[in-house]
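Peer 1: pasting a predicted model and its sequence here:
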Amino acid sequence: MLASAYQWFQRNRIYPVKAGLAVSRLLRNPDDTGQVFKVLEALRGDSLGRAHRRLSASEQGERLLQDQPAIVGALNDREGLLAMPEGSIGRAYYDFVHAEGLSADGLIASSEEAPAVEKTSPELRWLGERLRDIHDLQHVMTGYGRDPIGELSLLSFMTTQTPGRGIDFIIFMGRQKFKKDHPEIEISALIDEGRKIGQHADWMLLTRWEDRLHEPIADVREELGFSLPEKYYAVKRDLLEAGLLESPLPSHQAA
């Protein structure tokens, strides 16, 4: 019994001080992606274990765990993505990362700033890397931009799909900061919208995205139940008109 209790404690162990320090740095510099991974690692607990058990419960998820496909190569193949049809997932992903100066390798580099606080099995390590590697793909599928309200809303989508205390903590702190600094923005409504989209959409971890990048994004969104974040779009348009944001909505978001 004591051994079982110890194992439970180890699986659910968190490091709140490390998380608090990382969040404070993140709030000062929202572009410091490395701090996000430090928060996620410090408060990870058994979130990967829960996701693993959920994947294992379905035939589709079990095949993914067995095959452990690596999507980074496909997402970094900019020539291949650019050659895909207009309106495809891959082309929309290319447009997004090209406009933002991003890459899948950049996420990997940021994640390496947060060394693991606990050892994990190869399957859990793959699962954590998969969640990291599809982050920008989640931007593309949901239509959220990388502006602060877009990132916070996307986090709400993400933690609804794959619950995690680290993301919940970032959302809580971000919500408080927005309420203080920008009371004119109904940030809670945008966070709720992200949660609702996450509830109704298929779980992104269950899709083998490597095989679907060539498909029309509008069709896949409809098939998998992704609705576009209209409240977020409305707020972002208001901010653009007020001169508080510089870039327009990427074409794939409004598709």
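Peer 2: Looks like it came in fine.

Peer 1: out of everything not next to it in sequence, what's closest to L228?
Peer 2: Of all residues not flanking L228 in the chain, G143 sits nearest, at 4.8 Å (CB to CB, 6 or more residues apart in numbering). From N, CA and C alone the C-beta is placed, and that goes for glycine too.

Peer 1: same deal with H98?
Peer 2: Here the residue nearest H98, using CB to CB, 6+ apart, is R78, at 7.4 Å.

Peer 1: wouldn't that neighbour be in contact with F96 here?
Peer 2: No - between R78 and F96 there is no contact under CB atoms under 8 Å: 11.8 Å.

Peer 1: out of those two, which sits in the busier spot?
Peer 2: Between R78 and F96, counted using other CB atoms under 10 Å, the more crowded position is F96 (20 against 13).

Peer 1: tell me how many other residues crowd T162.
Peer 2: By the criterion of other CB under 10 Å, T162 has 19 neighbours.

Peer 1: can you name the residues that contact it?
Peer 2: T162 makes contact with 47, 51, 131, 203, 205, according to CB atoms under 8 Å, 6 or more residues apart in numbering.

Peer 1: let me know the closest of those residues to K179.
Peer 2: Using CB to CB, S47 comes nearest to K179 of the contacts of T162, at 26.5 Å.

Peer 1: neighbours of the closest residue to the closest one other than its chain neighbours, how many?
Peer 2: In this structure, S47 finds its nearest non-sequential neighbour in G164, 4.3 Å apart by CB to CB, 6+ apart. By other CB under 10 Å, the residues close to G164 number 22.

Peer 1: distance check, G164 against I185.
Peer 2: Applying CB to CB, to the nearest Å, the value for G164 to I185 is 25 Å.

Peer 1: and what of P122?
Peer 2: 43 Å.

Peer 1: what does D147 give?
Peer 2: Taking CB to CB, one finds D147 at 11 Å from I185.

Peer 1: just the pLDDT for D147.
Peer 2: On the pLDDT scale, D147 is placed at 90.

Peer 1: isn't it up against R237?
Peer 2: No - using CB under 8 Å, D147 is not in contact with R237, being 12.0 Å away.
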